[in-house]
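S.K.: whatever this is, show me its structure:
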Amino acid sequence: MAVDEPFALSVPLPGGLLLRESRPGDLEQIGALLAERGVPEDALDHRLVVEDADAGWSACAVVVDGDRVVSTATLLDEELRLGGVRLPAGQIELVATDEEYEGRGLVRALVQWAHARSAARGHVVQVMIGIPYFYRLFGYEYTIDIPVSRPVHGIQPVDGAPALRTARAADLPALAALQEQAQRGFDVAMGHSPGRWRWLLAHDATTLRVVERAGRVVATARTTPVDDGEFHLAEAAAVDERAARELLAGVAALAPEAQLHVVHRPGTLPATVWHGLLDHTPRPEAEQYYVRVPDPAALLDRLRPLLWQRLTAAGQDLTGRELLISTYRAHYRIPVGEQGLGEVVTGGTMQRPGPDGGVGVAPDQLAPLLFGPRGIEGLSGIRPDVYVRGDEEPYRALFPPLTADLLTYYLP
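M.R.: The predicted model follows:
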């Protein structure tokens, strides 16, 4: 099955194998495969997804050899916010192949299935955490920085015992509201879906924690189990400074002999309160989320209100002109009217958009341009195949550096 073929529920593969949607009878085999090739907790995570009404069995596919499940992958529904535009998105997770069947293109076939299903679900972008390089083979590109987990030292005691406890189902609306508030300051954001909040509450890989004050949830975070003398606090959100301090002190008290690390979310209230307690040594290597843009025209069309807002906010009056973005093998023209941007018009090969006052961006750099931290100015400084000629100011306004915060099923 090619990536651009219509979504299919089952696909014959070489060697008598069959790719199909998962079924309840596959549960035990899928869980065993995920636990064998990943970690034991993956089996529970998979069950939580497929048995939940928000995802279901159709969210997972398997490759079978007769009755034997030999490979699997799951596609989750996500929503990525860029500015004020909400984009339906997909994320591939829970991928595993039986060692005996590796090297036969089964993950490639499952990724193609996931992309076809993603298109059928109306997703205009995909985002994921994946092993180094591999998913670049399928059109993904490193795009959004993953926040650093930093050691924390010198935690200040708080008056009284922090009212930290494990979250309950009744807390989930408050947790969602806290995270929505924490993410408002970011240009790019992805929150937890209602289904995933339920899965996080039930799974074993992390624990949802809350701080309660007078019967109200005022702070939250996810914590990992202690492993080799370390554990991590992530996705922290709080209503005020006191709640942030109580959260940190309460989590630290869970394992006072272990080294606590905090996933730093710059710009959030807890990050500001805890800044002086964290070790800010630069990370030794880059870590980023993958992003894939399957159809640039469809995505750009969704982004027209945001692009118009950026132009007008920067005082750029291009009425009667057009925006031009070339990915070299194709190009996209967006007419500028008095009240907004017109529909995207797709054209063919355009190797030199500069003479027409356009932007040239390599296809694998379109996601970093639209979602990444460098913007057109930063990317053009490190990539010869990303550039703008002529009037640069409008395109600097259109494609600025962006901040981002993504919440995912698994902590990076």
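S.K.: may I ask you to name the longest strand in the protein?
M.R.: Secondary structure of the chain per DSSP state E: the longest strand is strand 68-82.
S.K.: report the angle between the following helix or strand past that one and strand 68-82.
M.R.: Remark: after strand 68-82, the chain's next helix or strand is strand 85-97, criterion DSSP states H and E. Angle between the axes of strand 85-97 and strand 68-82 is 160 degrees (criterion: axes from the mean of the first three to the mean of the last three C-alpha atoms, to 10 degrees).
S.K.: direction included, what does strand 85-97 pair against?
M.R.: Take DSSP bridges as the rule and strand 85-97 pairs in its sheet with strand 68-82 (antiparallel), strand 125-128 (parallel).
S.K.: picking up where we left off before, from the chain's centre, how far out does the longest strand of the chain sit?
M.R.: 12 Å (C-alpha atoms, centre = their mean, to the nearest Å).
S.K.: tally of neighbours for residue 116?
M.R.: 20 (other C-beta atoms under 10 Å). The way it works is simple: take the backbone N, C-alpha and C, and place the C-beta from them, glycine included.
S.K.: sticking with it, tell me its helix or strand.
M.R.: Using DSSP H and E, residue 116 falls in helix 106-120.
S.K.: still on that earlier bit, need the strands paired with strand 85-97 in CSV with mean neighbour count, distance to residue 261 and mean pLDDT, can you?
M.R.: CSV is the format used below for those (neighbours: other C-beta atoms under 10 Å; distance: least, C-beta to C-beta, whole Å; pLDDT from 0 to 100):
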stretch, mean neighbour count, distance to residue 261, mean pLDDT
strand 68-82, 22, 26, 98
strand 125-128, 25, 23, 98
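S.K.: for residue 369, find the nearest of those strands.
M.R.: Closest approach to residue 369 among the strands paired with strand 85-97 (C-beta to C-beta): strand 68-82, 11.9 Å.
S.K.: just the helices in this protein please.
M.R.: 27-37, 41-50, 106-120, 172-183, 194-202, 241-254, 269-274, 296-302, 304-313, 366-371, 375-380, 393-398 (DSSP state H).
S.K.: C-alpha coordinates for the fifth one, CSV please?
M.R.: By that I understand helix 194-202. Extracted in CSV, the C-alpha atoms of helix 194-202 (Å, rounded to 0.1, in the frame of the first residue of the first chain):
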residue,chain,number,x,y,z
PRO,A,194,-10.1,13.5,26.8
GLY,A,195,-9.3,9.9,26.1
ARG,A,196,-5.6,10.2,26.9
TRP,A,197,-6.4,11.9,30.2
ARG,A,198,-8.2,8.7,31.1
TRP,A,199,-5.4,6.5,29.9
LEU,A,200,-2.8,8.5,31.8
LEU,A,201,-4.8,8.1,35.0
ALA,A,202,-4.8,4.3,34.5
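S.K.: that helix vs helix 41-50, what angle?
M.R.: 140 degrees.
S.K.: packing partners of helix 194-202?
M.R.: helix 41-50, helix 172-183 (3 or more C-beta pairs under 8 Å, 6 or more residues apart in numbering; DSSP states H and E).
S.K.: pull the residues that contact the longest one.
M.R.: Outside of helix 172-183, the residues that reach it under the criterion C-beta atoms under 8 Å, 6 or more residues apart in numbering are 81, 167, 189, 191-192, 194, 197-198, 201, 208, 210, 216-217, 219-220, 235, 237-239, 265, 268-269, 405, 407.
S.K.: before we move on, back to that, out of the helices and strands packed on helix 194-202, the one nearest residue 57 is which?
M.R.: helix 41-50 (5.0 Å).
S.K.: same for that closest one, what does it pack against?
M.R.: Counting by 3+ C-beta pairs under 8 Å, 6+ apart, helix 41-50 packs on helix 27-37, strand 60-65, strand 68-82, strand 85-97, helix 194-202.
S.K.: what lies in contact with the shortest one?
M.R.: Among residues not part of strand 60-65, those counted as contacts by C-beta under 8 Å, 6+ apart are 13, 15-22, 26, 30, 46, 49-50, 69-75, 94, 97, 101, 106, 109-110, 113-114, 117.
S.K.: of the residues you listed, keep whichever come out buried.
M.R.: For the contacts of strand 60-65, a burial check counting by 16 or more other C-beta atoms under 10 Å picks out 13, 17, 19-22, 26, 30, 46, 49-50, 69-75, 94, 97, 101, 106, 109-110, 113-114, 117.
S.K.: quick check: pLDDT value at the closest residue to residue 341 other than its chain neighbours.
M.R.: Of all residues beyond its chain neighbours, the one nearest residue 341 is residue 304 (4.3 Å), with distances taken as C-beta to C-beta, 6 or more residues apart in numbering. We have a pLDDT of 98 for residue 304.
S.K.: send the alpha carbons of the longest strand of the chain over as PDB?
M.R.: Taking Å, rounded to 0.1, in the frame of the first residue of the first chain, the C-alpha atoms of strand 68-82 are listed here in PDB:
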ATOM      1  CA  ARG A  68       0.200 -14.900  14.500                       C
ATOM      2  CA  VAL A  69       0.600 -11.100  15.200                       C
ATOM      3  CA  VAL A  70       4.100 -10.200  14.000                       C
ATOM      4  CA  SER A  71       4.000  -6.400  13.800                       C
ATOM      5  CA  THR A  72       1.800  -3.600  15.100                       C
ATOM      6  CA  ALA A  73       1.300   0.200  15.200                       C
ATOM      7  CA  THR A  74      -1.300   2.600  16.600                       C
ATOM      8  CA  LEU A  75      -2.500   6.000  15.300                       C
ATOM      9  CA  LEU A  76      -3.700   8.500  17.900                       C
ATOM     10  CA  ASP A  77      -5.900  11.400  17.100                       C
ATOM     11  CA  GLU A  78      -4.400  14.700  18.200                       C
ATOM     12  CA  GLU A  79      -5.100  18.400  17.900                       C
ATOM     13  CA  LEU A  80      -2.200  20.800  17.300                       C
ATOM     14  CA  ARG A  81      -2.800  24.500  17.900                       C
ATOM     15  CA  LEU A  82      -0.800  27.000  15.900                       C
END
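S.K.: all set now, cheers.
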